[in-house]
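Student: Give the three-dimensional model of this entry:
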Amino acid sequence: MQIRYLTVLVSIVGILLLTSCVKNESAPPSVTVLEKSVPVGNLQVAMILLPGGTFQMGSASANAPADEQPAHAVSLSAFAMDKFEVTQDQFAELELPNPAHFKGDRHPVEQIRWSEAVVFCNERSRAEGLEPCYDEGTFACNFAANGYRLPTEAEWEYAARAGSNSEYYFGTSVKQLPSHACYAGASAQQTEPVGSRRPNAWGFHDMLGNVAEWCQDVYSETYYSESNGATDPTGPDEGDKRVLRGGSWQSNEASCRVAARLADAPGISDACFTRDTYGFRCVRSLSADELAELEKR
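Tutor: Have a look, this model is predicted:
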């Protein structure tokens, strides 16, 4: 497995890729981009290694939907997340059927159920010689495994916020949204290649719009009131739906807010239909070497 590290200096106005570490005390933490080759073909998949931290999850707005309240403190351990949504060429590299409606190698995979997304996570893990996280009989997740999985809802929002506390990671003005998101007000009524819009301050693309992203968590409207002060929360134990975050090419401005929540049936039963607005990205825990490298920065 080939690995290349790049230091990313995070600032409010953008991202500079540097060849050495430079600190900015007024900015969110520096992060490291990890580029590696999936050992099925020569595809390079960029990931961003994030330091652990504590942030305010949810919305503090009195007008926010009930399931986004209350805003509450959550602490997370360090982890790695895909810089881009999972693309159709990744499915081809792993010799998996491409379910997407809007075809294109660099377009995100969509029309994918939660249950199919976790199978992809396992296949990607096996391709790299990592331990799969999911039992494909029960769909239980082993968070101690070193393979790929879907992000928890808290991990997703931590990465999407990138140190911000505003309605959108770039601020509150919806006038800036077309620069950052493929959504109903700025799309050709379909997905577009990943990375076509501006990233957030930590380098993640398409956290808003393009496709809504499956998360690991079972959905509960009242879970936020139960998880204040939690460390590495993984969501409720039981429920009929799984969380989706970020909005899609079909979403309005409000649905693209960082705190906005959506949920749908996971599709474990074949009777569940799929949507061309649903996709995902992967996360995994850090190896000891990656964690040591991150802590040097």
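
Student: show me the residues around Gly246 that make contact.
Tutor: By C-beta atoms under 8 Å, 6 or more residues apart in numbering, the residues touching Gly246 are 156, 160, 206-213, 256, 260. For every residue, glycine as well, the C-beta is placed using N, CA and C.

Student: Can you select the buried ones from those residues in ChimeraX?
Tutor: Applying 16 or more other C-beta atoms under 10 Å to the contacts of Gly246, the buried members can be selected in ChimeraX as follows:
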select :156,160,206,207,208,209,210,211,212,213,256,260
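
Student: what's in contact with stretch 225-245?
Tutor: Contacts of stretch 225-245 (C-beta under 8 Å, 6+ apart): 69-70, 72-77, 114, 141, 143, 152-154, 156-157, 160, 212-220, 223, 260-266, 278.

Student: which of those count as buried?
Tutor: 69, 72, 74, 76, 114, 141, 152-154, 156-157, 160, 212-220, 223, 260-264, 266, 278.

Student: for the chain, what spans make up the helices?
Tutor: 88-93, 114-127, 153-161, 177-180, 288-296 (DSSP state H).

Student: which helices and strands does the last one pack with?
Tutor: In terms of contact count using 3 or more C-beta pairs under 8 Å, 6 or more residues apart in numbering; DSSP states H and E, helix 288-296 is assigned the packing partners strand 31-37, strand 44-50.

Student: Show me which residues of it are buried.
Tutor: Counting neighbours by 16+ other C-beta under 10 Å, helix 288-296 gives 290-291, 293-294 as buried.

Student: if we take those, which one ends up nearest to Pro108?
Tutor: Proximity of these to Pro108 (C-beta to C-beta) peaks at Glu290, which lies at 25.3 Å.

Student: Hmm, that closest one is touching Pro51, no?
Tutor: No - counting by C-beta atoms under 8 Å, Glu290 does not reach Pro51; the two are 11.2 Å apart.

Student: re the thing from before, between the helices of the chain, which one is nearest to Ala201?
Tutor: So among these, helix 153-161 is nearest, using C-beta to C-beta, at 9.0 Å.

Student: neighbouring contacts of that closest one?
Tutor: By C-beta under 8 Å, 6+ apart, helix 153-161 touches 48, 50, 53, 55, 57, 74, 76, 79, 81, 151, 169, 200, 202, 204, 207-208, 213, 215-217, 230, 232-233, 235, 243, 245-246, 258-259, 261, 283.

Student: can you do 6 Å?
Tutor: For helix 153-161, the external contacting residues (C-beta atoms under 6 Å, 6 or more residues apart in numbering) are 55, 57, 74, 76, 81, 169, 204, 207, 215, 217, 233, 243, 245, 258, 283.

Student: Equivalent analysis for stretch 249-256, please.
Tutor: Contacts for stretch 249-256 (C-beta under 6 Å, 6+ apart): 174, 181-184, 187, 191, 208-210, 247, 277.

Student: for the stretch 151-297 of the chain, what spans make up the strands?
Tutor: Per DSSP state E, counting those that start in this stretch, the stretch 151-297 of the chain carries strands over the ranges 212-218, 230-231, 242-245, 261-264, 278-279, 283-284.

Student: In CSV: those, plus mean pLDDT and distance to Arg126.
Tutor: Formatted as CSV, these follow (pLDDT from 0 to 100; distance: least, C-beta to C-beta, whole Å):
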stretch, mean pLDDT, distance to Arg126
strand 212-218, 98, 19
strand 230-231, 96, 30
strand 242-245, 98, 23
strand 261-264, 97, 27
strand 278-279, 98, 21
strand 283-284, 96, 13
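
Student: List the contacts of Ala144.
Tutor: With C-beta under 6 Å, 6+ apart, Ala144 has no contacts at all.

Student: Distance check, Ala145 against Val243.
Tutor: 21 Å (C-beta to C-beta, to the nearest Å).

Student: So for the two, which sits in the more crowded spot?
Tutor: Val243 (27 against 17; other C-beta atoms under 10 Å).

Student: The more buried one pairs with what?
Tutor: Ala263 (DSSP bridges).

Student: The residue nearest to Ala186 when sequence neighbours are not counted - how many residues pack around it?
Tutor: Once flanking residues are discounted, Ala186 sits nearest to Pro178: 3.7 Å by C-beta to C-beta, 6 or more residues apart in numbering. For Pro178, the neighbour count with other C-beta under 10 Å is 16.

Student: same thing with Phe120?
Tutor: Around Phe120 there are 20 other residues, counting by other C-beta under 10 Å.

Student: again, but for the one 3 residues further on
Tutor: By the measure other C-beta under 10 Å, the count of residues near Glu123 is 18.

Student: So for Ser269, what's the pLDDT?
Tutor: Reported pLDDT at Ser269 in the predicted model: 70.
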